[in-house]
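Q: output the structure for:
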Amino acid sequence: QVHVVESGGGLVQAGGSLRLSCVVSGGAFSSYAMAWFRQAPGKEREFVAAISWSGGSTYYAEFVKGRFTISRENAKRTVYMEMNNLNPEDTAVYYCAAKFQGTSVVLRTPGWYDYWGQGTQVTVSS
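A: Alright, predicted model coming up:
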């Protein structure tokens, strides 16, 4: 059974930084595409960033390019997201998701991912 657990959220001032971590237990982590999504109150869940199974390809939503960096350590079964220059619009629950990546394709739609964590709250104050 695959379990996904996020950590690293918290309260930060605008312009600050946070590093989210996501640990996956069970399953073949090194074969999973991994992604971060977020959901703000009253809004739909939206794609933030993704990384291929090897770490060789990364994908970002336009609104985080240049500010967020996704990375992974397969030996630790962990994916990270470094978030810099945070602003109040980044306030949301951040979710980590996993999908067995059988091809080179990595999608940005929530329905493509098989496993999800419970989320970690990120709050950015102005």
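Q: give me the number of residues near Gln118?
A: 11 (other Cβ atoms under 10 Å). (Glycine included, C-beta is placed from N, CA and C.)
Q: ranges for the strands of this structure?
A: 3-7, 10-13, 18-25, 32-39, 46-51, 58-60, 68-73, 78-83, 92-100, 115-116, 120-125 (DSSP state E).
Q: give me the nearest residue to the residue nearest the centre of the chain, chain neighbours excluded.
A: The C-alpha lying nearest the average C-alpha coordinate of the chain belongs to Trp36 (Cα atoms, centre = their mean; 2.1 Å). Sequence neighbours aside, Val48 is the residue nearest to Trp36 in space, at 4.4 Å (criterion: Cβ to Cβ, 6 or more residues apart in numbering).
Q: quick one: contacts for that neighbour?
A: By Cβ atoms under 8 Å, 6 or more residues apart in numbering, the residues touching Val48 are Ala35, Trp36, Phe37, Arg38, Tyr60, Ala61, Val64, Phe68, Met81, Tyr94.
Q: redo that, cut-off 10 Å
A: With contact taken as Cβ atoms under 10 Å, 6 or more residues apart in numbering, Val48 is in contact with 20, 35-38, 59-61, 63-64, 68, 70, 81, 83, 90, 92, 94-95, 108.
Q: could you do Ala92 as well?
A: Here Ala92 is in contact with 9, 37-41, 43, 45-46, 48, 119-124 (Cβ under 10 Å, 6+ apart).
Q: next: Thr120.
A: Going by Cβ under 10 Å, 6+ apart, Thr120 touches 5-10, 18, 20-22, 38, 92-96.
Q: start and end of stretch 82-91, how far apart?
A: Using Cα to Cα, to the nearest Å, one end of stretch 82-91 lies 15 Å from the other.
Q: state the mean pLDDT of it.
A: Averaged over stretch 82-91, pLDDT sits at 97.
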